[in-house]
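Q: Need a 3D model of the sequence below.
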Amino acid sequence: MQYHPQLANAAAGPSSSPAGFLPMSGLSHTTQPRALFSGLMPCPRPAPTPSSTAPSPMPSPLELHLNQFMSMPQPSPLQSPSVGSIHFPSAVQSGAKRRRTHYNTVVPSIEWTSAHQACFESRIACITASCGFPFMWVENIEWLDFLDSFIPGAALISCRVLANRLIPAEIEKYRASAKENAQGLEGTLQCDGWTGVNFHHFLAFMLTTAKRDVHTVRVYDTSTEWKTAIELLKKILEVKEHIETVWGIILVTVTSDASGESSQARRDVVKVFPLLLAPDCYGHQINCVVYDYFGQPSMLILLKYADTATKLITWLQSKTFVLGLIRAIQECNISSQMLAVIHAVLTRWTAHYLAFKQLLEL
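A: Numbering: from 1, shown residues only. The predicted model follows:
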């Protein structure tokens, strides 16, 4: 039985005991499970002395659950501390080790082959990437219990194996499939840079094939490099050679945003390869058109109201009482759809429109 200071503190005396629970004294690391849980039993309310003919009181569901738990065999001191011990949801294991629990296997055991294990590991890697799970989820206690109950033959996966072997293997499979499907197709090379949340500046090159498939080809960390047309030209030529020799792409177009160094680099590429097209990125150009449109003197009044609406949204999101009233009013109107207060972000080009539209509807 593991010693839990939280339970010991909660049972130390009346000053630290939760309301409605009996205090315990003299709790030590050798306390048996029955004694440990008895201090957390709800305090019974005073009741009149029953007569000799009165029926015995029915046990509560909590008492039934605890009695069932206490009837289980206790682990010997030589067993692993994780076997038969009490695990709280916040507990994290150092590695993915098989943890046998008191749950019975729900499905009958089948012959688990290496092919089953390989498919199992591949799907785990895909689930991790698709759902955005942290790598530690494969060592979660509830997940290990699930495997014990439903897939007892599967070998467990540690977060280290997931990060260093399984996910890189899946990436290689997807990359090989993308290269195979892109062989002999015409394509457009596009690049763009951004600063990540870790304050590193990245430059990404993407390839769009004639099948309208988009693939990430290269990502450079340019934090320590000068953002000049010459440096960008070197990387464009390097990636161009890579996609033509390795991917088998017939490059037709090179595009990027319309910044000074990007425009100059694309003009220099066309000087070296006159058959290439080098237009400005359409998405960035539309964004610039919208910027110029709102920059006109006649639109200044609109920008003033936009700033007022943004301040109102910020104020609303800081007042939970007001947000609660808004939700309560919407719940009374069954026919209406529940709306939330949205704060616009600069990385989404339609975010301001949607935020203001939602605010007007509210």
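Q: From now on I want contacts and neighbour counts done on CA atoms only, so please keep to that.
A: Will do.
Q: Over to residue 215. Which of the three states is it?
A: Three-state call for residue 215 (DSSP: H, G, I helix; E, B strand; the rest coil): strand.
Q: Quick one: residues contacting it.
A: 178, 206, 207, 208 (Cα atoms under 8 Å, 6 or more residues apart in numbering).
Q: State the distance from it to residue 256.
A: 16 Å (Cα to Cα, to the nearest Å).
Q: residues near the residue nearest to residue 166 when sequence neighbours are not counted, how many?
A: Spatial nearest neighbour of residue 166, chain neighbours left out: residue 125 (6.1 Å); criterion: Cα to Cα, 6 or more residues apart in numbering. Number of residues near residue 125 (other Cα atoms under 10 Å) recorded here: 22.
Q: Please point out which parts of whichever strand or helix holds residue 125 sit buried.
A: Element membership for residue 125 (DSSP states H and E) is helix 114-131. Across helix 114-131, burial judged by 16 or more other Cα atoms under 10 Å covers 121, 122, 124, 125, 128.
Q: Tell me how far the fourth one lies from residue 251.
A: Distance of residue 125 to residue 251, given as Cα to Cα: 33 Å.
Q: Likewise for the last one?
A: The spacing between residue 128 and residue 251, counted by Cα to Cα, is 34 Å.
Q: So which residues of this structure form strands?
A: 186-195, 201-209, 214-221, 250-255 (DSSP state E).
Q: Residue 137 is nearest to which of these?
A: strand 214-221 (27.0 Å; Cα to Cα).
Q: Quickly run through the sheet partners of the closest one, with directions.
A: Note on strand 214-221: by DSSP bridges, its sheet partners are strand 201-209 (antiparallel).
Q: what's the average pLDDT for the partner strand?
A: Across strand 201-209, pLDDT averages out at 96.
Q: Tell me who's in contact with residue 178.
A: Residue 178 neighbours (Cα under 8 Å, 6+ apart): residue 215.
Q: Next, find the distance separating it from residue 207.
A: Between residue 178 and residue 207 the distance is 11 Å, computed by Cα to Cα.
Q: so what are the domain limits for this protein?
A: Segmentation of the chain into domains, based on automatic domain parsing, reads 1-43, 94-182, 187-286, 297-361.
Q: where in the stretch 101-250 of the chain is pLDDT low?
A: Applying pLDDT under 70 to the stretch 101-250 of the chain flags residues 101-109.
Q: Would you mind measuring from the residue lying closest to residue 154 once chain neighbours are set aside to residue 124?
A: Using Cα to Cα, 6+ apart and skipping residues adjacent in sequence, the residue nearest residue 154 is residue 117, 6.4 Å away. According to Cα to Cα, residue 117 stands 10 Å off from residue 124.
Q: Then residue 223?
A: From residue 223 to residue 124 the distance is 34 Å (Cα to Cα).
Q: try residue 228
A: 42 Å.
Q: Then residue 202?
A: In terms of Cα to Cα, residue 202 sits 29 Å off from residue 124.
Q: coming back round to it: which residues sit in contact with the residue nearest to residue 166?
A: With Cα under 8 Å, 6+ apart, residue 125 has these contacts: 162, 166, 167, 170.
Q: Next: residue 218.
A: Residues in contact with residue 218, defined by Cα under 8 Å, 6+ apart, are 204, 205, 206, 239.
Q: which ones are touching the last one?
A: Counting by Cα under 8 Å, 6+ apart, residue 239 touches 205, 217, 218.
Q: do that again at 10 Å, thanks
A: For residue 239, the contacting residues are 189, 205, 206, 207, 217, 218, 233, 245, by Cα atoms under 10 Å, 6 or more residues apart in numbering.
Q: do the same with the second one
A: The neighbourhood of residue 205, defined by Cα under 10 Å, 6+ apart, consists of 189-193, 215-220, 235-236, 239-240, 256.
Q: Give the bridge partners for it, please.
A: residue 191, residue 218.
Q: Numbering from 10 from now on, please.
A: Right, with 10 as the first residue, what we last looked at is residue 214.
Q: Name the surrounding residues that touch stretch 327-338.
A: Under Cα under 10 Å, 6+ apart, the answer for stretch 327-338 is 324, 325, 326, 339, 340, 347, 348, 349, 350, 371.
Q: In that stretch, which residues are buried?
A: By neighbour count on 16+ other Cα under 10 Å, the buried set for stretch 327-338 is residue 335.
Q: Redo the contacts of residue 134 as JSON lines? Include distance to residue 355 and neighbour count.
A: Converted to JSON lines, those look like this (distance: Cα to Cα, whole Å; neighbours: other Cα atoms under 10 Å):
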{"residue": "171", "distance to residue 355": "34", "neighbour count": "20"}
{"residue": "175", "distance to residue 355": "35", "neighbour count": "20"}
{"residue": "176", "distance to residue 355": "31", "neighbour count": "19"}
{"residue": "179", "distance to residue 355": "33", "neighbour count": "17"}
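Q: Sort out for me which of those are in helices.
A: 176, 179 (DSSP state H).
Q: Make a markdown table out of the contacts of residue 134 and add distance to residue 151.
A: Formatted as a markdown table, the contacts of residue 134 follow (distance: Cα to Cα, whole Å):
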| residue | distance to residue 151 |
| --- | --- |
| 171 | 18 |
| 175 | 21 |
| 176 | 22 |
| 179 | 25 |
